[in-house]
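J.: Sequence and predicted model, in that order:
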Protein chains: 2
Amino acid sequence: MPRLHFWYEFASTYSYLSAMRIEGCCRARGIDVIWHPFLLGPIFHAQGWETSPFNIYEAKGRYMWCDLERRAAAHGLPPVHRPDPFPQNGLLAARIATIGAEATWAPAFTRAVYSAQFATGACISDAEFLTCLLDSLDQDGPEIVHSAQTDPAVKDGLRKSTETAQSLGLFGAPSFTTDDGELFWGDDRLEEAMGWAARPKT
Amino acid sequence: MPRLHFWYEFASTYSYLSAMRIEGCCRARGIDVIWHPFLLGPIFHAQGWETSPFNIYEAKGRYMWCDLERRAAAHGLPPVHRPDPFPQNGLLAARIATIGAEATWAPAFTRAVYSAQFATGACISDAEFLTCLLDSLDQDGPEIVHSAQTDPAVKDGLRKSTETAQSLGLFGAPSFTTDDGELFWGDDRLEEAMGWAARPKT
């Protein structure tokens, strides 16, 4: 079965668009999605940015929120709730998703976090909120959050994911990579990425 | 007839993709294209950039050339010839296109300059090259190039176009704007921009 690697950062607005649709889109094309939470912070930091480029470059930021509204509507998503502050701190959520990627609940958890953030304005760095959210997915919220906060292997897993992202040439999110090393950046490249992943091998 | 404003910078790789297809795409949807050459340099300068962000941010630049190859192929364009140096100086070409926008030959001139730059690697700042190119379009090459180099009204026209772009919130190219003030950025938003321009007015 062809595979597509999905690289996402919880604070990333366009990652939200892809997270909400990638599983259905890929299933329809017979593609398996590998979910890779990672952190953009260290990658942005290496580029000299201490916050989102959408905050640094005002005109680009204004446009992004407008474009996100249009794209969310086109994807059938609810009106966008702009998080305040933006970007939110997605570290704890990303560590939890790192645990979930070893199990089967990473996709559902990821979608729930994004929905809460961009459709209702929840604070996704809040441990209590994430605990309740995990409970609602029939997971052991308190134990998973505790692991995410304290287990060195989890922290290490997320750090390695970010390092791998960087070594694959990623510079933003969402990104999609294929097993043969092709890179696609942005929700608007998801269709092209799926086409590449599923193309007949020569 | 609905109108779509097309804002392009000659050094911009993704503007090339749009310039080559916008007229056919819009004609098929009954939309009139208004061609607006402008300069990204002053806009980038205001953001603190002295060259293309694709040069400043290496990973992004590497990705762009790969993505451009894929998109050019998808659009049926020839293999991309990467200009050296990049970005090229598009000032003279943009002044000529400013003259052409008053006449009817701006689209043909624009496409010819982009093709020469990205399909064959021509130096688009060269006055002799641009003179020959205008001659090949049955225009008075020497006279137009002379005007572009010396006429204060032409310089002023391009400067005003860039100021208008900035006042409309443009931060990159290609961009598309509608008469009701909606902004779309990037070749991959052309379809959405056309849809907006041609939508039934409520």
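T.: Cool, the structure landed.

J.: May I have the beta-bridge partners of the nearest residue to A:Met1 once chain neighbours are set aside?
T.: Distances taken as C-beta to C-beta, 6 or more residues apart in numbering or on different chains place A:Asp32 nearest to A:Met1, at 4.9 Å, with adjacent residues excluded. In this view, the C-beta of every residue, glycine as well, is placed from N, C-alpha and C. Beta-bridge pairing of A:Asp32, defined through DSSP bridges, involves A:Arg3.

J.: my read: A:Asp32 touches A:Phe6, true?
T.: No: the criterion here is C-beta atoms under 8 Å, and A:Asp32 misses it with A:Phe6 at 10.5 Å.

J.: okay, those two: which has more neighbours?
T.: Neighbours around A:Asp32 and A:Phe6, counted as other C-beta atoms under 10 Å in any protein chain shown, are more numerous at A:Phe6. The numbers are 25 against 13.

J.: tell me the SS of the more buried one?
T.: For A:Phe6, the reduced secondary structure class is strand; criterion used: DSSP: H, G, I helix; E, B strand; the rest coil.

J.: Return the residues in contact with it.
T.: A:18-19, A:22, A:33-36, A:174, A:176 (C-beta atoms under 8 Å, 6 or more residues apart in numbering or on different chains).

J.: for those residues, which one is nearest chain B?
T.: The shortest approach to chain B among the contacts of A:Phe6 belongs to A:Phe176, at 11.8 Å (C-beta to the nearest C-beta).

J.: give me the beta-bridge partners of the closest one?
T.: For A:Phe176, the beta-bridge partners are A:Phe6, A:Phe184 (DSSP bridges).

J.: Burial check on it, number of neighbours?
T.: A:Phe176 is flanked by 28 other residues according to other C-beta under 10 Å.

J.: May I have the predicted confidence score for it?
T.: If you check A:Phe176, the pLDDT there is 98.

J.: Enumerate the residues of chain A near chain B.
T.: Near chain B, the residues belonging to chain A are A:47, A:57, A:59-60, A:62-63, A:66-67, A:70, A:74, A:169-172, A:183-186, A:188-189, A:192 when assessed by C-beta under 8 Å from any C-beta of the partner chain.

J.: Only the buried members of those residues: can you turn that into a PyMOL selection?
T.: The following PyMOL line selects those of the residues of chain A next to chain B that are buried, judged by 16 or more other C-beta atoms under 10 Å in any protein chain shown:
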select buried, chain A and resi 57+59+60+63+66+67+169+170+171+172+183+184+185+186+188+189+192
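
J.: Now list the buried members of the contacts of A:Phe6.
T.: Using 16+ other C-beta under 10 Å, the buried ones in those are A:18-19, A:22, A:33, A:35-36, A:174, A:176.

J.: for the nearest residue to A:Ile56 once chain neighbours are set aside, helix, strand, or coil?
T.: Beyond its immediate neighbours in the sequence, the residue positioned closest to A:Ile56 (C-beta to C-beta, 6+ apart) is A:Trp49, lying 6.1 Å away. Following three-state DSSP, A:Trp49 is assigned to coil.

J.: one step back: just give me the closest of the contacts of A:Phe6 to A:Glu102.
T.: Comparing the contacts of A:Phe6 against A:Glu102 with C-beta to C-beta places A:Trp35 closest, at 10.7 Å.

J.: Please flag which of the contacts of A:Phe6 sit within strands.
T.: Residues of the contacts of A:Phe6 located in strands (DSSP state E): A:33-36, A:176.

J.: Widest-spaced pair of those residues?
T.: The largest separation in the ones in strands among the contacts of A:Phe6, counting by C-beta to C-beta, is between A:Trp35 and A:Phe176 at 11.4 Å.

J.: Now do the helices in chain A.
T.: If DSSP state H is used as the criterion, the helices of chain A fall at A:13-28, A:41-46, A:53-56, A:58-74, A:91-102, A:106-119, A:127-136, A:141-150, A:152-167, A:190-197.

J.: now for the fifth one, which elements pack on it?
T.: What that stands for is helix A:91-102. If contacts are counted by 3 or more C-beta pairs under 8 Å, 6 or more residues apart in numbering or on different chains; DSSP states H and E, helix A:91-102 sits against strand A:32-37, helix A:106-119, helix A:127-136, helix A:141-150, helix A:152-167.

J.: Swap in 6 Å and give it another go.
T.: Helix A:91-102 makes packing contacts with strand A:32-37, helix A:106-119, helix A:141-150, helix A:152-167 when contacts are defined by 3 or more C-beta pairs under 6 Å, 6 or more residues apart in numbering or on different chains; DSSP states H and E.

J.: shouldn't A:Ala112 be in contact with A:Cys132?
T.: No: between A:Ala112 and A:Cys132 no contact is recorded; they are 10.3 Å apart, counting by C-beta atoms under 6 Å.

J.: So between those two, which is more surrounded?
T.: Neighbour comparison, A:Ala112 and A:Cys132: the larger count goes to A:Ala112, with 18 against 13 (by other C-beta under 10 Å).

J.: give the contact list for that one.
T.: With contacts defined as C-beta atoms under 6 Å, 6 or more residues apart in numbering or on different chains, the neighbours of A:Ala112 are A:Leu133.

J.: And it, what's its pLDDT?
T.: Confidence score, pLDDT, at A:Ala112: 98.

J.: ok, now how distant is it from A:Arg82?
T.: A:Ala112 is 19 Å from A:Arg82, where distance means C-beta to C-beta, to the nearest Å.

J.: Kindly report the same for A:Ile99.
T.: The value you get for A:Ile99 to A:Arg82, if C-beta to C-beta is used, is 29 Å.

J.: of these two, who's got more company?
T.: Neighbours per residue (other C-beta under 10 Å) separate A:Ile99 from A:Arg82, with A:Ile99 holding more: 24 against 11.

J.: Need the pLDDT of the more buried one.
T.: In this prediction A:Ile99 is given a pLDDT of 97.

J.: Show the contacting residues for it.
T.: A:Ile99 sits next to A:144, A:154 when contact means C-beta under 6 Å, 6+ apart.

J.: Cheers, nothing more for now.
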